[in-house]
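**Student:** Generate a structure from the sequence data that follows.
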Amino acid sequence: MAKRMIIEIDQNRCNGCGACETGCPEGALKVLSGKARLVGESLCDGLGACIGHCPQDAIRVIERDADAYDEVAVLREMLPQGADVLRAHFIHLDSQRIATSFPDKPSGRSALKNWPIQLHLANPKAANFEGADLVIAADCTAFALGSFHADIIAGKSLVIACPKLDSGKDLYLSKLTAMLKQASAVSVVIMEVPCCSGLLKLVQEARTIAGTSKPLKVLVVGIDGGFVAQGVK
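**Tutor:** Sure thing, here's the model as predicted:
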């Protein structure tokens, strides 16, 4: 157990409406005896996606000693088949042959048009972001989706970030705000895992601060390498 960010519920404010339970895909919140409760510390990622769903302003994120976030346990909660599905998703390497050498030349053509792409390093004032068709992608998406270059970033400007591991969210927010003000179109590409929702939330917050009603095209990539959802927010 170590100090980390985790939600806290003000039981005096909570009216048991259950809106936060709906807003918590990890299953960390349940309404019990008429009040919302944190039913498992290891199920809460501390990103606070549930906060915006609470009409009573009864939830906040604090730092305290808590069990570590366990994403495998979260997936076990989310997927009805539990451990069997996890095994199908993650423990399938035994049947695959691992290449012993790399090809002399890459087989695919890169569609990357700007550098650097990591959001901490990217400069919102760079020419490639002015009037850009902007893609904001979670780090893992390019590895999970084999057609990432051809289908996602061809002809577009790219920045990448990890909503769970990266520090400096305030800096991310200010950079995204500046980028959204000048972008011609915006796509957000995230993984289906719960922590990735934090990136979409950050982009939505930046859009509000930027004062733009620009729609966000959202693509969700499955851990098996295909699209599981897409839409506009």
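**Student:** next SSE after the lowest-mean-pLDDT helix or strand in the chain?
**Tutor:** Each helix and strand of the chain was given a mean pLDDT (mean pLDDT, DSSP states H and E); the minimum falls on helix 83-90 at a mean of 48. Next in sequence after helix 83-90, counting helices and strands by DSSP states H and E, comes strand 133-138.
**Student:** helices and strands around that next one, which ones?
**Tutor:** Applying 3 or more C-beta pairs under 8 Å, 6 or more residues apart in numbering; DSSP states H and E, we find strand 133-138 packed against strand 157-161, helix 169-182, strand 185-191, helix 197-210. Quick note: C-beta positions are derived from backbone N, CA and C, even for glycine.
**Student:** Kindly state which of these is positioned closest to Gly46.
**Tutor:** Closest approach to Gly46 among those (C-beta to C-beta): helix 197-210, 9.4 Å.
**Student:** so how far is that closest one from its chain's centroid?
**Tutor:** 11 Å (C-alpha atoms, centre = their mean, to the nearest Å).
**Student:** Over to stretch 34-43?
**Tutor:** Chain-centre distance of stretch 34-43: 21 Å, with C-alpha atoms, centre = their mean.
**Student:** domain assignment for this structure?
**Tutor:** Domain segmentation of the chain under automatic domain parsing yields 2-90, 127-232.
**Student:** picking up where we left off before, okay, the helices and strands packed on strand 133-138 in CSV with mean neighbour count next?
**Tutor:** Formatted as CSV, the helices and strands packed on strand 133-138 follow (neighbours: other C-beta atoms under 10 Å):
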stretch, mean neighbour count
strand 157-161, 23
helix 169-182, 18
strand 185-191, 22
helix 197-210, 19
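**Student:** would you turn these into JSON lines with distance to Ile136?
**Tutor:** Shown next, in JSON lines, are these (distance: least, C-beta to C-beta, whole Å):
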{"stretch": "strand 157-161", "distance to Ile136": "6"}
{"stretch": "helix 169-182", "distance to Ile136": "7"}
{"stretch": "strand 185-191", "distance to Ile136": "5"}
{"stretch": "helix 197-210", "distance to Ile136": "6"}
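**Student:** can these go into CSV with extra columns for distance to Cys54 and mean pLDDT?
**Tutor:** Shown next, in CSV, are those (distance: least, C-beta to C-beta, whole Å; pLDDT from 0 to 100):
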stretch, distance to Cys54, mean pLDDT
strand 157-161, 26, 96
helix 169-182, 20, 90
strand 185-191, 23, 95
helix 197-210, 14, 92
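**Student:** what's the closest of these to Leu145?
**Tutor:** Per C-beta to C-beta, nearest to Leu145 of those: strand 185-191, 8.1 Å.
**Student:** Any chance you could list what contacts that closest one?
**Tutor:** Outside of strand 185-191, the residues within contact range by C-beta atoms under 8 Å, 6 or more residues apart in numbering are 133-138, 140-141, 144, 152, 156, 180, 196-197, 199-200, 203, 207, 214-223.
**Student:** Out of the helices and strands packed on strand 133-138, the one nearest Gly52 is which?
**Tutor:** helix 197-210 (7.8 Å).
**Student:** out of the contacts of strand 185-191, which are buried?
**Tutor:** The neighbour-count criterion (16 or more other C-beta atoms under 10 Å) marks 134-138, 140-141, 144, 152, 156, 180, 196-197, 199-200, 203, 207, 216, 218-221 among those as buried.
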